[in-house]
Structure formats: C-alpha cells, structure tokens
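>>> coordinates only, no sequence provided:
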Ligand SMILES: [Zn+2]
C-alpha cells in the first residue's frame, strides 16, 4: 500500500508572510524558515522566519544548517514552535525544485520544503484556491502566486509533492479591495 503523505496546513499569518516576502523581493529569491509542528498526518505551520541576510541571487539562496540550529536554539527558549521546514521563491519560475534545492533540503535535515512561484500578470486570472495540491491565486492584476509543498522521504531518498490546506482562502476571496492601491 502506498504510504499516505502528510498535508501542509498553513495559518493565515504564515501564508500572508510567505506571499508578502516573496513579492517584496521579486525578482530576487526570498528564503525563510517555517515554524510549527510536525504531526503524523500533517505539518502545521503557524509562523515564518525570514532570513533578511540570506545570500540572495537570481538563481539560488542558501542558509546553512548552522543557522537553522541556531534559530531552533533561540526558539526553544521562547516558544513551543520549531523549525519544521523552509521556503523560498522562484521569481518567474520554474515551478519545480532545482537539483540544488533538493540538495539544500537534504543537507538541512528538514523534511518539508515549500516553493513559491511568482509571475507577473496583466489581469486577474482567478481567486485563491487549491488546484492540484498547490495553493494558487493572484495579487490584484499584478502577480500570480503558486505555492507548492514537498516532503522529503529520507528512507526512499525521494521528494513528494504534498497537498496544501489553508482555511483563510474564502476570506481572502471575499476581501473588499479599495480601487486605488
Ligand atoms: Zn529554488
């Protein structure tokens, strides 16, 4: 029987942080850590930690394990949350993990990595929704956002795409947006 994969549940706050930081630095890549809990059936992400000083380039970002360990050390003295994954963006794609991304995740010791793909658009395409496991949506008529989650299976040494869940999408679709913004 095929093993049931975990879901990724994002809190509203985590989702907004991920999207904002990815667009803020467009067309550069952003990088951050996902804080929350790893359960048997899902990852629960409450918060994110952005790495302002991460070495950013158009092609890759990297934060060594040492920084993850340090973040975990600090967090353990402040909260119950732990670093359970990381995220980074691909401005204008591609909508898949690169070889280097996979290598970085393996080296980090984390089993969850999230990819945010940002593309410029000329008009709104659709609202916020889960489409083929990915969380997709648009920011006004300017950006298309696609969030993809992957779980690294250490035993099989393989990456699996997992489904994203977020209860705040309906709310985001109902927002009344001021004309001038
Ligand atoms: Zn990448």
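Structure received. Predicted model, so just to flag it, every value in this text is computed and none were measured.

>>> how about the strands in the protein?
7-10, 31-38, 42-50, 55-56, 61-62, 82-91, 112-120, 129-131, 134-139, 143-153, 158-162, 164-165 (DSSP state E).

>>> can you redo these as CSV with mean pLDDT and mean neighbour count?
C-betas here are computed from N, CA, C, even on glycine. CSV is the format used below for the strands of the chain (pLDDT from 0 to 100; neighbours: other Cβ atoms under 10 Å):
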stretch, mean pLDDT, mean neighbour count
strand 7-10, 98, 23
strand 31-38, 94, 22
strand 42-50, 95, 20
strand 55-56, 54, 14
strand 61-62, 56, 20
strand 82-91, 94, 22
strand 112-120, 97, 21
strand 129-131, 97, 13
strand 134-139, 96, 19
strand 143-153, 97, 20
strand 158-162, 97, 15
strand 164-165, 96, 19
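
>>> who does the closest residue to residue 120 other than its chain neighbours bridge with?
Using Cβ to Cβ, 6 or more residues apart in numbering and skipping residues adjacent in sequence, the residue nearest residue 120 is residue 143, 6.4 Å away. Residue 143 forms beta bridges with residue 120, residue 139, as assigned by DSSP bridges.

>>> picking up where we left off before, between the strands of the chain, which one is nearest to the ion?
Closest approach to the ion among the strands of the chain (Cβ to the ion): strand 82-91, 5.4 Å.

>>> partner strands of that closest one, with direction?
Here, using DSSP bridges, strand 82-91 pairs with strand 31-38 (antiparallel), strand 112-120 (parallel).

>>> and residue 124, how far from the ion?
Separation of residue 124 from the ion (Cβ to the ion, to the nearest Å) stands at 26 Å.

>>> swap in residue 109?
The gap separating residue 109 from the ion is 18 Å, by Cβ to the ion.

>>> wait, that residue touches residue 82, no?
No: using Cβ atoms under 8 Å, residue 109 is not in contact with residue 82, being 11.9 Å away.

>>> ok, residue 15 - contacts?
Neighbour list for residue 15: 135, 147, 166, 168 [criterion: Cβ atoms under 8 Å, 6 or more residues apart in numbering].

>>> quick one: the third one from the ion, how far?
If I follow you right, that is residue 166. 22 Å.

>>> number of residues surrounding that residue?
Residue 166 has 20 neighbouring residues, counting by other Cβ atoms under 10 Å.

>>> perfect, I'm done here.
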